[in-house]
Every structure is written in structure tokens, then in C-alpha cells.
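S.K.: for reference, the sequence and a predicted model appear below.
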Amino acid sequence: MHYRVTMQPPASTALDRPRSPRRGMILGLIVVAVIVWSALNPLDWLTWWMEVSWVLVGLPVVVWIARRHGVTQLLLVLLTIHAIILLVGGHYTYERVPLGLWAQEWWGLARNDYDRLGHFAQGFVPALVAREALRRTSPLRTGKWLAVISVSMALAFSGCFEMIEWAASVSLGASADAFLGSQGDVWDAQWDMFCALLGATVAIAMLSKSHERALCALPSSA
């Protein structure tokens, strides 16, 4: 059962407007193009498959959901950005992404923190995914409980991902080191979940109003 959003939205922005098949197609083509680039001589093929599999599985799922039920333009853009972050990390491995190496040298960091960006996005984007699903399929309205549950679901996803990394480490041993990306940090898992929690909290705090307008802009048949 789907619940329609009844709030009257304030003035809209470009990302609040009804979804456009053309815009969605452009975003999908961008992801496909980056997939192709990412697959060109990646640094480590095992790491590439483990990182990029999320995108390879998620892309057709998002396309199916968007066509059948509709997805807000805001969420589609965020999912595209998240996919690009994963694809770049898969190509270079997170420890060797040039952007992170540049930041490490520029700010004198102890490690390449590109993976922290990835885990921040791992909280930021799933929090909006959870919020959209809850607003459209449950009686929850905007407010504290919607915010708390959305953030909690994003943090739960991050925790599940850390268990996947743990299982990969146990089963594959040193072969999974590049996938783990811990770079010798014994608290890496805790930092990853903290970054995801921070990302989810920032997303809900900053984008809830924009997301609500985007939900209201969806066609009633979505």
C-alpha cells in the first residue's frame, strides 16, 4: 500500500520538479560510462568486483523502481554521485585514489581518507533512500521519528557492510586487504560507521525539506 504525500510544498528548485525520463536516462548513462572507465585496467580485479558489484546490481534495480513507482530527482542525483564514488574506489582501490592521496599530502594526513568519503556517502544517501521509502509506503509523517528511523536504517546498513568486510577478511585473507581499506587502522570499522552516522545525520538535517518538496512533485500515479 502506498501513502501519498499531502503537504503543500513551498517554492521548488530544479531537483524538486517532477522526474523526467530524459534526466533519468542521462544519469543512468553517466553511471554506465563511469562503469566502463572503472573496468579499464583496475588496480585489483578482486577489489573491483567487490566494490562495483553494488552498482552493477543497484543500477537495474533503481531503473526498475523508477519506471514502476517513480523516484525523486533528488534521490536519483545522490545515487549517481554515490555510484561514482564507489566506481572510482573500485578502479584505484580506496587506499590509492589520487584525490585522497592529494588530500593526504596537502593536509599532512596519516592515511588516504577517500574511504571516509565513501562511508560518509554510505550514510548520506541510504538515509534519503530510507526516508523516501518510509514516506511513500508507511503512515510516518515528517518529524522526529521519521528522522530517527531514517538515520537508524542508514547506520544499520553501514553495520551490515562492516560485517560483509569482516566475512571477506575471514574467507579471503590478505586478498581482501584492498577491499577492507583499513590501512593499518585498528579502529577502521568504528570510523567507517561513525562517518556513515555523520553522513546520515547531515543528510536528514540538511535535505529533509528539499526531499519533501521533491516527493510532493512526484506524479500522483507514482
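M.R.: Thanks, I have the structure now.

S.K.: isn't residue 73 up against residue 27?
M.R.: No - counting by CB atoms under 8 Å, residue 73 sits too far from residue 27 to count as a contact (9.0 Å). In this view, the C-beta of every residue, glycine as well, is placed from N, C-alpha and C.

S.K.: where does the prediction get shaky in this protein?
M.R.: 1-21, 173-184, 220-222 (pLDDT under 70).

S.K.: where do the strands sit along it?
M.R.: Read by DSSP state E, the chain holds no strands at all.

S.K.: would you map the helices across it?
M.R.: Under the criterion DSSP state H, the chain contains helices at 21-38, 45-68, 73-92, 98-107, 114-137, 144-172, 177-180, 188-217.

S.K.: got JSON lines for the ones you listed, with mean neighbour count too?
M.R.: Formatted as JSON lines, those follow (neighbours: other CB atoms under 10 Å):
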{"stretch": "helix 21-38", "mean neighbour count": "15"}
{"stretch": "helix 45-68", "mean neighbour count": "16"}
{"stretch": "helix 73-92", "mean neighbour count": "22"}
{"stretch": "helix 98-107", "mean neighbour count": "13"}
{"stretch": "helix 114-137", "mean neighbour count": "23"}
{"stretch": "helix 144-172", "mean neighbour count": "16"}
{"stretch": "helix 177-180", "mean neighbour count": "20"}
{"stretch": "helix 188-217", "mean neighbour count": "20"}
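
S.K.: next one: stretch 39-56 to chain centre, how far?
M.R.: With CA atoms, centre = their mean, to the nearest Å as the basis, stretch 39-56 stands 17 Å off its chain's centre.

S.K.: and for stretch 72-89?
M.R.: 6 Å.

S.K.: swap in stretch 143-160?
M.R.: 14 Å.

S.K.: hey, C-alpha coordinates of that stretch in PDB?
M.R.: In PDB, the C-alpha atoms belonging to stretch 143-160 read as follows (Å, rounded to 0.1, in the frame of the first residue of the first chain):
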ATOM      1  CA  GLY A 143       9.000  14.800  12.200                       C
ATOM      2  CA  LYS A 144      11.500  13.400  14.700                       C
ATOM      3  CA  TRP A 145      10.500   9.700  14.400                       C
ATOM      4  CA  LEU A 146      10.900   9.800  10.600                       C
ATOM      5  CA  ALA A 147      14.300  11.400  11.100                       C
ATOM      6  CA  VAL A 148      15.500   8.900  13.800                       C
ATOM      7  CA  ILE A 149      14.300   5.900  11.900                       C
ATOM      8  CA  SER A 150      15.900   7.000   8.600                       C
ATOM      9  CA  VAL A 151      19.200   7.700  10.300                       C
ATOM     10  CA  SER A 152      19.000   4.400  12.200                       C
ATOM     11  CA  MET A 153      18.300   2.400   9.000                       C
ATOM     12  CA  ALA A 154      21.300   4.000   7.300                       C
ATOM     13  CA  LEU A 155      23.500   3.100  10.300                       C
ATOM     14  CA  ALA A 156      22.200  -0.400  10.300                       C
ATOM     15  CA  PHE A 157      23.200  -0.700   6.600                       C
ATOM     16  CA  SER A 158      26.700   0.500   7.400                       C
ATOM     17  CA  GLY A 159      26.900  -2.100  10.200                       C
ATOM     18  CA  CYS A 160      25.900  -4.800   7.800                       C
END
